[in-house]
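**Q** Output the structure for:
(chains A, B and C)
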Amino acid sequence: MTSRKSGGARMHVHKGAWTAEEDKKLTHYIENHGAKKWKTVAIKSGLNRCGKSCRLRWLNYLRPNIKRGNIAEDEADLILRLHKLLGNRWSLIAGRLPGRTDNEIKNYWNTHLSKKVTQLGKSSLPATENQPPKNGMADAEQMGGNKESEEDPELNFDVDEFFDFSVEGTYGTEWVNKFLEVEKGMP
DNA sequence: AACGAAGTCAACCGCTAATTT
DNA sequence: GAAATTAGCGGTTGACTTCGT
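**A** Model (predicted):
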């Protein structure tokens, strides 16, 4: 992979797959200066890349504690449940799966889970439950998202609050139990 | 063994939100 | 308060790999 859209790039910004050397440069720079001001990172690290590209590379691959590949069954199950609740809010879903990135989850969904859901949908569940809108929230938003559940009084549940990362302790395992309890309560 | 189809995944693009000047 | 800049998100693309014939 070199340049995917044969961009004539006047500024000569490098595109395409990252090389080991580029990774090294980026990692080295971020270790010393921190991961902020991506435009500056891109320039000062000596990479002919745009800031966006550097950010993506760091967040998805170079950042410490990244788990790559081998999505376990329980993780997949969690993704399914969260997607049902949140729709295509990948970053939110990723935030609940330590070491996983939004891009990875999005890919995993598109390649594995969406099929699974479609198949399940054909065999058992009603269509509305399995096909979140292509863009935006699935049930959660329709059911209330922020507005809470107006149609389903049993699901008195504020998604945004529930997934508020500023709330202490939400990274632990407790939230999973809480989440599963909420799920049980769903029809 | 060769070929085409289907699947996978890294990376880019466009847009919006948030922050800074 | 307005404009400019930066960060972040989700959708999409296309190269590479695997599978089936």
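
**Q** packing partners for the host helix or strand of residue A:77?
**A** Following DSSP states H and E, one finds residue A:77 within helix A:73-86. With contacts defined as 3 or more C-beta pairs under 8 Å, 6 or more residues apart in numbering; DSSP states H and E, the packing partners of helix A:73-86 are helix A:90-95, helix A:102-108, helix A:139-143, helix A:174-185. Heads up, the C-betas are built off the backbone N, CA and C, glycines and all.

**Q** Could you confirm whether that helix reaches DNA strand C?
**A** No - with C-beta under 7 Å from any atom of the strand as the criterion, DNA strand C is not reached by helix A:73-86; the gap is at least 7.9 Å.

**Q** thinking again about what came up before, which stretch in the helices and strands packed on helix A:73-86 is the model least sure about?
**A** Ranked by mean pLDDT, the helices and strands packed on helix A:73-86 end with helix A:139-143 in last place, scoring a mean of 41.

**Q** so where's chain A shaky on pLDDT?
**A** Residues of chain A meeting the criterion pLDDT under 70: A:1-12, A:118-187.

**Q** Check which residues of the helix holding residue A:77 are buried.
**A** A:75, A:76, A:78, A:79, A:80, A:81, A:82, A:83, A:84, A:85, A:86 (16 or more other C-beta atoms under 10 Å).

**Q** repeat for stretch A:107-121
**A** Using 16+ other C-beta under 10 Å as the burial criterion, the residues of stretch A:107-121 that qualify are A:108, A:109, A:113, A:117.

**Q** from those residues, which single one is nearest residue A:48?
**A** Nearest to residue A:48 among these: residue A:108, at 30.8 Å, using C-beta to C-beta.
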